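Engineer: Fold the following for me, if possible:
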Amino acid sequence: MIEALGPAPERSKGSRAAAVLGVLSVALLGAAFVWAHHWGLLADTLVIAWAVATLGALGVSVHFFRAEYQWATRASHRLVKIGLAGGLVSIAALVLAGIAWAAGINPTGVCGGG
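Structural biologist: Numbering: from 1, shown residues only. Next comes the predicted model:
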């Protein structure tokens, strides 16, 4: 009877992906702020990668909590919380930078251009 059920699905892959995407989201946002004033292919690539990582972190985290919550371990919950926190911190930092920019403050700092 146990064999008929098959092997248990791997539940920790989604939580690892959420954590990696959350940390990557924050790191890419920082890099995008540093390179934001350069207006080129690198800056565009960083912003696109940040958007994908942030949406991925939020999407995977929310999906994990909705679909697999009852099957998850404590360790996988922690990883998903890291992913969710990374995505939310990244969005909050972007909103705060937008507010600062609207107030006339340059959130990327002063640079000689380039």
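
Engineer: Give the next helix or strand downstream of the helix or strand hosting Gly22.
Structural biologist: In this assignment (DSSP states H and E), Gly22 forms part of helix 12-35. Beyond helix 12-35 on the C-terminal side, the first helix or strand identified by DSSP H and E is helix 41-67.

Engineer: Show me what that following helix is packed up against.
Structural biologist: Contacts defined by 3 or more Cβ pairs under 8 Å, 6 or more residues apart in numbering; DSSP states H and E place helix 41-67 against helix 12-35, helix 74-102. (Each C-beta comes from the backbone N, C-alpha and C, glycine too.)

Engineer: Put together JSON lines for those, with distance to Phe65 on each row.
Structural biologist: Output for the helices and strands packed on helix 41-67, formatted as JSON lines (distance: least, Cβ to Cβ, whole Å):
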{"stretch": "helix 12-35", "distance to Phe65": "10"}
{"stretch": "helix 74-102", "distance to Phe65": "7"}
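
Engineer: right, so the ones you listed: which one is the most enclosed?
Structural biologist: Burial of the helices and strands packed on helix 41-67 is given as mean neighbour count (mean count of other Cβ atoms under 10 Å); helix 12-35 ranks first at a mean of 20.

Engineer: now the angle from that helix to helix 41-67?
Structural biologist: 150 degrees (axes from the mean of the first three to the mean of the last three Cα atoms, to 10 degrees).

Engineer: Report the angle between helix 12-35 and helix 74-102.
Structural biologist: Using the same axes, to 10 degrees: helix 12-35 against helix 74-102 is 20 degrees.

Engineer: Who are the packing partners of helix 12-35?
Structural biologist: Helix 12-35 packs on helix 41-67, helix 74-102, going by 3+ Cβ pairs under 8 Å, 6+ apart.
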